[in-house]
Structure formats: C-alpha cells, structure tokens
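Peer 1: Can you look at this prediction? I've put the sequence above it.
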Amino acid sequence: MIRYDFDRVIDRKGTNSVKYDLAGRLFGKEDVLPMWVADMDFPVAGFILDAIGERLKHPILGYTFRSDRFAGSVASWLDRRHGWRVETDTIGFSPGIVPALNMCVMEFTDPGDRVVVQPPVYFPFFSAVSNHGRELVYNQLVKRDGRYEMDFDHLEGLFKEGVKLFFLCNPHNPVGRAWSLEELQQLAGLCVKYDVLVLSDEIHSDLLLFGNRHIPFASLGKDIADLTLTCVAPSKTFNLAGLYTSVMITTNPVIRKRYEKILDAVHVGGDNILGQVALEAAYTDGDEWLDQLLVYLEKNYRALCSVLNEQVPDLFISPLEATYLAWLDFSFLELDDEGLRNFIIHRAGLGLNDGPMFGPGGSQHQRLNLATPTKILMEGAGRLATAVREA
Ligand SMILES: Cc1ncc(COP(=O)(O)O)c(C=O)c1O
C-alpha cells in the first residue's frame, strides 16, 4: 500500500492561486493565513499527474471528444463508492457545477419563476437564480440542538404557492450536514407531490466523514430520479477544481435532452483534454488515496476541535459530517458582521469565508477550510485562540 503524504507543506504563492495570490486583494492584508476558498493544500495524487503527463507526451492539444471511458469511470465510481448504479447514457458533462446551476435555471425555468434554496448555503446558488431574473426563495435551515435541519413545514408552504426548481446541496456546504435517508425521503416526497424539479449538487459527496454515508438523492426511487438532475465531480475530492470538468447525471430522457440542448446552446459541452484524463484516472484508481484523505480530514477536524474547544470554549463548531469546511459560530463575541470580519482578518490574521455571504443564517459565522497540512491548521487555530484571548 502506498502511504500518501498530506503533511507536506507546499508553497502555492505565485501559481495564480485564488486562495493565496488573491488573498491580499480580497482581505486587504497580505499576510493573512488563507483558509477560505474550497480547494485543498494537498498535492494532486501521483497517478493523476502521471495520467496527465502521459497525455502531454503527445504535442497537440486540439479539440477532443469524451471517450466511453469517461462515463464508464464515473458509473463505476458511483457504484463502488455510493452503491448507486446508473446507466452510462445518463452520464453527461458540465464544465463545472456552478455553470450547471446557471444552465438549469436558464433551461428549466422562466423569468419570474420561483427557485428555492436553503441558506446558509454555497453562495453561487443565489446568483444562479437572480442572474437570470428568477425569484430566489429561501427555505432557511433551522438549528436544533446545534445541528442544522431542513424546515419541511415551511418548504411545503412554499411549494404550495408554486415553485419550479429546488437547489439541494447534498452534502450541505457550509454547515457540514450529510442528509439522512429519512430527511431525503421526506424532501423527495414533497418534490414529487408538488412536481418540483431538483438540482442536487453532490460535489462534496465523496467527502463523508465519521461513518456517515452519502445517499444520492436520485437513488431514492424512480419518481424522484425522474425529477432530478445530479451534479458530481472529482474537483473537490481530488483537488482538480482548476480543470473545470464535472458530471451531470439525468435519468429522465426528456430532462437530459433539454440539458444537452442548453449545454450546446451556450457552447460549453466540449471537452477539457486534461480534465477528462484526470477524471478518468481519479475515478479508476482513486479509492486508496481518497480513503487516506478522509482519515486525514477527520484527524484535522478533531485536532481543530480539540484546540478550539479548550482555548475558545464559547466558540461553537458545527458537527462535521461531510466536506472539509468547518462552520464556526462566533456569536459569543457579540460583534456585528463587519466587526467580526475585521477581527478575523486584522486580529487573528486569518482569511476565512464570511458567514453573511452564505445568506440568511450566516450572520456571526465564519467558514474555515481545514484541508491543509495539520501544521498549517494548527497555526490557524493558534492565531484564532490568541486573538480571542487578547480581545
Ligand atoms: C456546493 C458546491 N457546489 C459547487 C462548487 C463549485 O463547483 P465548480 O467549481 O465545479 O463550479 C462548490 C465549491 O466550493 C461547492 O461547495
């Protein structure tokens, strides 16, 4: 067995890295420790880099199409990792998941139609709706005993008033929930009853921690599969976000045809040569690497909690069931959002994601990316603890 090294600290500055090279501009302070945007500070696995290197031995990078290996490797991965069997002809492409969100709004809704999102949630969910003149409707998550849940009563009220599309974040960024079978079944029941189309963003579905299991929304039954477009990708799992290669799964042939139509219409259905090669390598050979990554992420989350629970006991850290993003509740500091942002940047010297950008429910929170060598994570936790102590 190969032992992968997630402890190695790699200098990412000077690589046009959004996380590192834009931090000064975004936070107004050059030396913040960047723990924000959701990519990892770990090297891409050697077998993926080798596959890319192999392709680069051919000196021409012209237009290409996706081979059968693309869908085959996705299908095999979904079956191996999640027990979800999908036919290869249901597996399509998207140059990233945010483009897919936007395309689905353009294709499946009309101006003025209502689209439901569940904040606090990944913020491009909002712009994907409002960018196109559709109405953004919130079904805010509720926090019960420190755990976020969906508000089904409120959601049904919204569905009764008429909703075209629902954006599900499964698992949910930033609150770290891996939705349970019961929750997803209840949601599916409502979507079927009110005939609401669902875009299930499952980009974090390989990053399930502490014994939690991912349940693909469309795996719950034919009725709900017929109403669902599922997005998955190797981009978070294998740290390949810069290759813009994602997957759209549609088991309903009518929906698939319409999705392919919009993909063609905006002319983004073409292939990224290196993205294709990387995806195939990741989904074919990636199990061992991912299993070790998950152990490392669990270790990091535990280490973060251990330091912060001891040194900043009033800080509430949401239980992390999935993703590598910790959701921190700073309400004990009794600062307004501007004050909290300044505190994090200027007193703690950290570059985190501001809670309010995730919409209602995000106030007084910050999101911290823990997919970094433990040494860096501990540096970040230490900076935070010192800042709170000196506040
Ligand atoms: C829930 C969710 N969806 C989508 C994305 C980004 O997808 P892409 O880079 O493929 O557009 C992210 C990135 O953090 C995410 O957390």
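Peer 2: Thanks, I have the structure now.
Peer 1: what's the next secondary structure element after the helix or strand harbouring L229?
Peer 2: For L229, the enclosing helix or strand under DSSP states H and E is strand 228-232. Of the helices and strands lying after strand 228-232 in sequence (DSSP H and E), the nearest is strand 246-250.
Peer 1: Check which helices and strands that next one sits against.
Peer 2: Contact here means 3 or more Cβ pairs under 8 Å, 6 or more residues apart in numbering; DSSP states H and E; on that basis strand 246-250 packs against strand 91-94, helix 97-108, strand 228-232, helix 253-265. (C-beta placed from N, C-alpha, C; glycine too.)
Peer 1: got the contact list for it?
Peer 2: By Cβ atoms under 8 Å, 6 or more residues apart in numbering, the residues outside strand 246-250 that reach it are 74, 86, 90-97, 100, 203, 218, 228-233, 235, 256, 259, 279.
Peer 1: highest average neighbour count across the helices and strands packed on strand 246-250?
Peer 2: Across the helices and strands packed on strand 246-250, averaging neighbours per residue (mean count of other Cβ atoms under 10 Å) puts strand 228-232 on top, at a mean of 27.
Peer 1: Paired strands for that strand, with orientation please.
Peer 2: Paired with strand 228-232 in the same sheet, following DSSP bridges, are strand 197-201 (parallel), strand 246-250 (antiparallel).
Peer 1: for the strand holding L229, what is the average pLDDT?
Peer 2: Per-residue pLDDT over strand 228-232 has a mean of 98.
Peer 1: Throw the strands paired with strand 228-232 into JSON lines and include mean pLDDT, thanks.
Peer 2: Converted to JSON lines, these look like this (pLDDT from 0 to 100):
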{"stretch": "strand 197-201", "mean pLDDT": "98"}
{"stretch": "strand 246-250", "mean pLDDT": "98"}
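Peer 1: possible to save these as JSON lines with distance to L26 and mean neighbour count?
Peer 2: JSON lines is the format used below for the strands paired with strand 228-232 (distance: least, Cβ to Cβ, whole Å; neighbours: other Cβ atoms under 10 Å):
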{"stretch": "strand 197-201", "distance to L26": "24", "mean neighbour count": "24"}
{"stretch": "strand 246-250", "distance to L26": "25", "mean neighbour count": "25"}
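Peer 1: Three-state assignment for G72, please.
Peer 2: helix (DSSP: H, G, I helix; E, B strand; the rest coil).
Peer 1: nearest residue to it other than its sequence neighbours?
Peer 2: Nearest residue to G72, sequence neighbours excluded (Cβ to Cβ, 6 or more residues apart in numbering): T88, at 6.0 Å.
Peer 1: Test my guess that that neighbour contacts S73.
Peer 2: No - T88 is not in contact with S73 according to Cβ atoms under 8 Å; the separation is 9.8 Å.
Peer 1: Also within reach of the ligand: list those from the contacts of strand 246-250.
Peer 2: On the criterion Cβ under 6 Å from any ligand atom, 96-97, 203, 233, 235 are the entries of those that sit beside the ligand.
Peer 1: Can you tell me which of those residues has the largest number of neighbours?
Peer 2: The residue in these with the most neighbours, by other Cβ atoms under 10 Å, is A233 (29 neighbours).
Peer 1: Distance check, that one against R25.
Peer 2: Between A233 and R25 the distance, using Cβ to Cβ, to the nearest Å, works out to 27 Å.
Peer 1: Which of T88 and S73 has more residues huddled nearby?
Peer 2: With other Cβ under 10 Å as the criterion, T88 and S73 differ in neighbour count, and S73 comes out ahead with 24 against 13.
Peer 1: still on that earlier bit, so what touches the strand holding L229?
Peer 2: Residues beyond strand 228-232 that count as contacts (Cβ under 8 Å, 6+ apart) turn out to be 74, 78, 94, 97, 100-101, 104, 197-203, 205, 216-218, 246-252, 255, 259.
Peer 1: Give the full set of residues in contact with the closest residue to P234 other than its chain neighbours.
Peer 2: The shortest distance from P234 to any residue other than its chain neighbours is 4.3 Å, reached at A282 (Cβ to Cβ, 6+ apart). A282 sits next to 45, 48, 234, 237-238, 240 when contact means Cβ under 8 Å, 6+ apart.
Peer 1: And Y259, by the same measure?
Peer 2: Taking Cβ under 8 Å, 6+ apart as the test, what Y259 contacts is 92, 103-104, 107, 229, 248, 250.
Peer 1: next one: D31
Peer 2: By Cβ under 8 Å, 6+ apart, D31 lies in contact with G349.
Peer 1: Quick check: it vs the ligand, distance?
Peer 2: As judged by Cβ to the nearest ligand atom, to the nearest Å, D31 and the ligand stand 24 Å apart.
Peer 1: got it, and R66?
Peer 2: Taking Cβ to the nearest ligand atom, one finds R66 at 17 Å from the ligand.
Peer 1: got the contact list for that residue?
Peer 2: R66 makes contact with 93, 271, 276 under the criterion Cβ under 8 Å, 6+ apart.
Peer 1: same check, this time on M357
Peer 2: Contacts of M357 by Cβ under 8 Å, 6+ apart are F123.
Peer 1: How about the secondary structure of it?
Peer 2: Note that with three-state DSSP, the state of M357 is helix.
Peer 1: Next, please give the residue ranges for the helices of the stretch 251-391 of the chain.
Peer 2: According to DSSP state H, counting those that start in this stretch, the stretch 251-391 of the chain carries its helices in the segments 253-265, 273-285, 287-311, 337-342, 374-390.
Peer 1: Give me whichever of those helices is most buried.
Peer 2: helix 273-285 comes out most buried of the helices of the stretch 251-391 of the chain by mean count of other Cβ under 10 Å, with a mean of 23.
Peer 1: What residues does L199 make contact with?
Peer 2: Applying Cβ under 8 Å, 6+ apart, we find L199 in contact with 100-101, 104, 165-168, 228-229, 231.
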